[in-house]
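K.L.:
3D model of this:
(2 chains)
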Amino acid sequence: MLELRKDIFADERDDNLKEIGKGTQRQDMLGHVTGTSSYFNDHKLQGMLHLKVVRSTQSHARIRRIDTSEAERSAGVRRIIRGADVPVNLNTLLSLINFGKDDEPSLAVDKVRYKGEPVVAIVADSEREAFEAIAKVRIDYEPLPAVFDVEDALKPGAPVVNETYPKNTFTYHETYDRQQLRFGDADAALATADHVLEQRYQMSPIEHAPTETNGAIAAPDTNGRYVVYTSTQALFFSVDTCAKILDVPSNTFHFIGGTVGGGFGGKVDTLTEPLAILGAMLTGKPVRYVFGREEEMQYGPPRGAERIYIKDGVMRDGRVVARKILAYFDSGAYTRLSSYAAVKCAAHLPGPYTIPNVYGDVYCVFTNRTPATAMRGFGVTAMDFAIECQMDKLAHLINMDPMEFRILNAYRDGDMKAHRREAKNTALIECVQVAAEKAKWPLREEFKRASSRKDGGGNRAVIPPTPTDSSRVRPTSPVQQRTSYDRLPPTVTREPPREPPPPAPPPPSPRPAAPSHGATRFSSVFGTRRR
Amino acid sequence: MTRHRGRGIASINYPIGMNLGGDPSQALVHSNPSGKFTVALSSIDLGQGMKSVTRQICAETLGVPVEDVYVDTADSDTGPHCMGSFASRGTHRVGNAVMAAAREARGVMMEAAAEELEVNAADLETDGRGNIHVKGAPHRSISTKDVAIAAQFKQGKTISGRGIFLVPLSEVNPETGEMSPATCYAHACLVAEVDVDDETGEVAMVRMDSAYELGRALNPRLVEQQLVGGAWMGVSHALYETPEPYYPEPVHGPRDFVEYLMPGPGDICPHDIAVLERPAPDGPFGAKGPGEMCANPVLPAVANAIFNAVGVRIDDLPITPEKVLRAIKAQGGARPQARR
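P.N.:
From the prediction side, this is the model:
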């Protein structure tokens, strides 16, 4: 049930509109409900061939030899495509906007970097014949040590996943192994906070689970052009990526999308179009390349898993005075779009709150798993999970209502955000108030009266003095009451060390009046328990 | 066995459009000689309603009924460039491009009407029902169809418009992270109510109450479908889904919807939604974008509700019955927190 709260912010809107604001039936509704909307896979073309790929059985291995001789003789096989047949085999998606280095082959050549990586493509008369030929391809692998954990990948001596990024981290601004955010002096504020709470959060990978799997049909058109029916979420992104990989002008292609059977971010990567077009170029026939469900689920890119450490300083009156965040994005074996998400994540810190001291390090890390990509809430969903669980724990710690705690710390118009831009057009407080009202959650009068349009700016608009990393001095032994529920963050060692390891926290002084979550439980969870 | 009820909340904001900007979209709008308009886009409708929302934006801007506008998408030969349908950018970026194109087309339409009515174009207004008339004198009127015919066959004018919307790309300071990530933000707060079974560790959704601030709900029914569906994606992330159940070990991955868990019809619960509208200064009619952010508050709200119900914190997703049960056992039984 949806209720429009026209009473709120009414003075900022002109509601005297004719078409806007109406629940008009969607233009494509009739097609959807009668099953006549056209999807890319509805184009069954005369003489259409089918492409399937041989996928790596290894998570990390050198390719010694690829033997396709038996597959070539298999019934119905029209063409076998190897990495050497791809005009520009190495690409990275965001090279289109000059971000990152080419790091991913369309078909693996010397090495495979994740289980399921495409090595050889087979074009055959039918899907069945393509699968039969796939079973006859012999690939001789020399297994290499693989790394799956983001923090293991950063340890000295970790296997190098992707030689384009030998330290297993994406390179920002030519030299940085992370995206930083620095606003105020988080360490100094943590040293004087009434409570410090440090926690670890782990997002899981997620499958986009579209009804329609990724796929494309490419066919030779007249005058040397190719028509491509595709499930892409980003038509020109795919056009330009294909033009680069196949080394032809972009107007060689006529891309036609249609209704897409669910995207959620999983159809941005242009996974099927380049090989389908190449198949059409090499055979002169229409070629269809569509993921099966298992391919979509295991080798189509998932939402990447992020690991997040948050260390917050909070005062007894409820103000969060410092937030320090260390986040690792698990990009899998190649960059795809995770590099972009890490910057978006840094921009999102510290969440929709005005916190005067914020420190963030966000890493995009390579591991030997299926490359991750965009998904609904990209770069933000996992961080919101971490921040909002943390906010709940902080409110509990100081014995404050979690709704009121959020209103107290919410950003307001005129506040300075940690990425050094003024907050405008904010509405977090009103959302909390309305949600409380709907859920019949009592708020005290002063919190009901709070407004995003009042009491912001002023001191809250100031960019605080921010020490540079080299000038940062570790706080001496803190005297405030500290609460550490979690184990210490693992000492992340890499070259060169940025700062000395954090001092061990003093033994907890007497427990706060608020009920605690129990220190032993978290250490047992993160220290010894296996999932 | 005891079922414990708990409530948890989360509040969030979400940036609209690609981070840092630099993500243009274009639109072309043109009329046929009957005064019916086509919007040509290369943008993709993913089922979210891109065609419908741009259609309403175009009709409102032109001042014609929505039935007189048809949106054609997803063709690289006929549709001008669009970055793509992602990053909650469709309504904001493409909507703005369509608005700019429709404004230009409207300018020509009003000039052509002025010539037919022999008045100044500034004195004309549209009635939104397919007519253009002199302000304050509705009887001095001409239909958009007649204007289109006159423009095409008599005046030699093309009632068409071009639009582009671009938020210029922002730099990022490598040391401080100073940047302009987005021009506007959507907001939300969600309360999740759950039952936790302390014998099985199972979590059942009881209800959700939420407030979403979206700038402007251009089509409240499309907004509702996004918010309802998105919240269930959030529940699914929180409690069920993963292609790597033993992450970071890449083993025992599901291969189909039998092995990949998602909530089914028996798992859903009532969701009461309020929509707030604080118009974004640079949004089309103030609109932001509900697409992505609707899933985000659900994950932490559910985790916080589980703590409220049984006193355990599960900080790694998904929150499976196994994890809940182990945590309850580790603390020696359920510890319900103060009822909210």
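
K.L.:
which residue, other than its chain neighbours, is closest to A:D401?
P.N.:
Excluding the flanking residues, the one nearest A:D401 by Cβ to Cβ, 6 or more residues apart in numbering or on different chains is A:A395, at 6.8 Å. For the C-beta atoms, the positions are set from N, CA and C on the backbone; glycine is no exception.

K.L.:
wait, that neighbour touches A:L408, no?
P.N.:
No. A:A395 is beyond contact range of A:L408, at 9.5 Å (criterion: Cβ atoms under 8 Å).

K.L.:
so between those two, which is more surrounded?
P.N.:
Just comparing A:A395 and A:L408: by other Cβ atoms under 10 Å in any protein chain shown the higher neighbour count belongs to A:A395, 23 against 20.

K.L.:
mind listing what the residue of chain B found nearest chain A touches?
P.N.:
Closest contact between chain B and chain A, by Cβ to the nearest Cβ, is at B:G84 (2.5 Å). By Cβ atoms under 8 Å, 6 or more residues apart in numbering or on different chains, the residues touching B:G84 are A:T232, A:Q233, A:A234, A:L235, A:F236, A:F237, A:V268, B:S43, B:I44.

K.L.:
remind me, longest helix of chain A?
P.N.:
helix A:381-397 (DSSP state H).

K.L.:
who does that helix touch, helix- and strand-wise?
P.N.:
Packing contacts for helix A:381-397, counted by 3 or more Cβ pairs under 8 Å, 6 or more residues apart in numbering or on different chains; DSSP states H and E, involve strand A:195-202, strand A:306-314, strand A:320-332, helix A:338-348, helix A:402-409, strand B:3-15, helix B:298-310.

K.L.:
go again using 7 Å as the cut-off
P.N.:
strand A:195-202, strand A:306-314, helix A:402-409, strand B:3-15, helix B:298-310 (3 or more Cβ pairs under 7 Å, 6 or more residues apart in numbering or on different chains; DSSP states H and E).

K.L.:
let me have these in TSV, extended by distance to B:P220 and mean pLDDT.
P.N.:
Output for the helices and strands packed on helix A:381-397, formatted as TSV (distance: least, Cβ to Cβ, whole Å; pLDDT from 0 to 100):
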stretch	distance to B:P220	mean pLDDT
strand A:195-202	34	98
strand A:306-314	33	98
helix A:402-409	26	98
strand B:3-15	19	98
helix B:298-310	20	98
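
K.L.:
need the ones you listed in a markdown table with distance to B:T78, can you?
P.N.:
Below are the helices and strands packed on helix A:381-397 laid out as a markdown table (distance: least, Cβ to Cβ, whole Å):
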| stretch | distance to B:T78 |
| --- | --- |
| strand A:195-202 | 46 |
| strand A:306-314 | 40 |
| helix A:402-409 | 48 |
| strand B:3-15 | 31 |
| helix B:298-310 | 39 |
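
K.L.:
looking at those, which one is packed in the most?
P.N.:
Comparing the helices and strands packed on helix A:381-397 by mean neighbour count (mean count of other Cβ atoms under 10 Å in any protein chain shown), helix B:298-310 comes out on top with a mean of 29.

K.L.:
which residues of the stretch 301-450 of chain A lie near chain B?
P.N.:
Contact residues (Cβ under 7 Å from any Cβ of the partner chain) of the stretch 301-450 of chain A with chain B: A:302, A:305, A:340, A:343-344, A:346-347, A:352, A:360, A:369, A:374, A:376-378, A:380-381, A:384-385, A:388-389, A:392, A:402-403, A:406, A:419-421, A:425, A:427-428, A:430-432, A:434-435, A:438-439, A:441.

K.L.:
gap between the residue of chain B closest to chain A and A:A146?
P.N.:
Distance of B:G84 to A:A146, computed by Cβ to Cβ, to the nearest Å: 33 Å.

K.L.:
likewise A:K440?
P.N.:
Distance, A:K440 to A:A146, by Cβ to Cβ: 52 Å.

K.L.:
report pLDDT for the nearest residue to A:L94 once chain neighbours are set aside.
P.N.:
Excluding its sequence neighbours, the residue lying closest to A:L94 (Cβ to Cβ, 6+ apart) is A:G100, at 5.1 Å. If you check A:G100, the pLDDT there is 96.

K.L.:
could you pull up phi and psi at A:G100?
P.N.:
Main-chain torsions, A:G100, degrees, to the nearest 10: phi 100, psi 170.

K.L.:
who's in contact with it?
P.N.:
A:T92, A:L94, A:F170, A:T335, A:S339 (Cβ atoms under 7 Å, 6 or more residues apart in numbering or on different chains).

K.L.:
please apply the same query to A:V321.
P.N.:
Listed by Cβ under 7 Å, 6+ apart, the contact set of A:V321 reads A:A189, A:A193, A:G313, A:V314, A:M315, A:I355, A:P356, A:N357.

K.L.:
also B:G63?
P.N.:
B:R106, B:T126, B:G128.

K.L.:
wait, doesn't the last one sit right on A:I20?
P.N.:
No. Contact status for B:G128 versus A:I20: not in contact, 10.8 Å apart, counting by Cβ atoms under 7 Å.

K.L.:
have a look at those two and say which one is more surrounded.
P.N.:
More crowded of B:G128 and A:I20, by other Cβ under 10 Å: A:I20, with 23 against 16.

K.L.:
what about that one, which SS state?
P.N.:
At A:I20 the chain is in coil, as set by DSSP: H, G, I helix; E, B strand; the rest coil.

K.L.:
distance check, it against chain B.
P.N.:
Counting by Cβ to the nearest Cβ, to the nearest Å, the gap from A:I20 to chain B is 5 Å.

K.L.:
more neighbours: which of A:K440 and A:A146?
P.N.:
Set side by side, A:K440 and A:A146 show more neighbours around A:A146, with 19 against 9, by other Cβ under 10 Å.

K.L.:
quick check, the more buried one in a helix?
P.N.:
No. Counting by three-state DSSP, A:A146 falls outside a helix, being coil.
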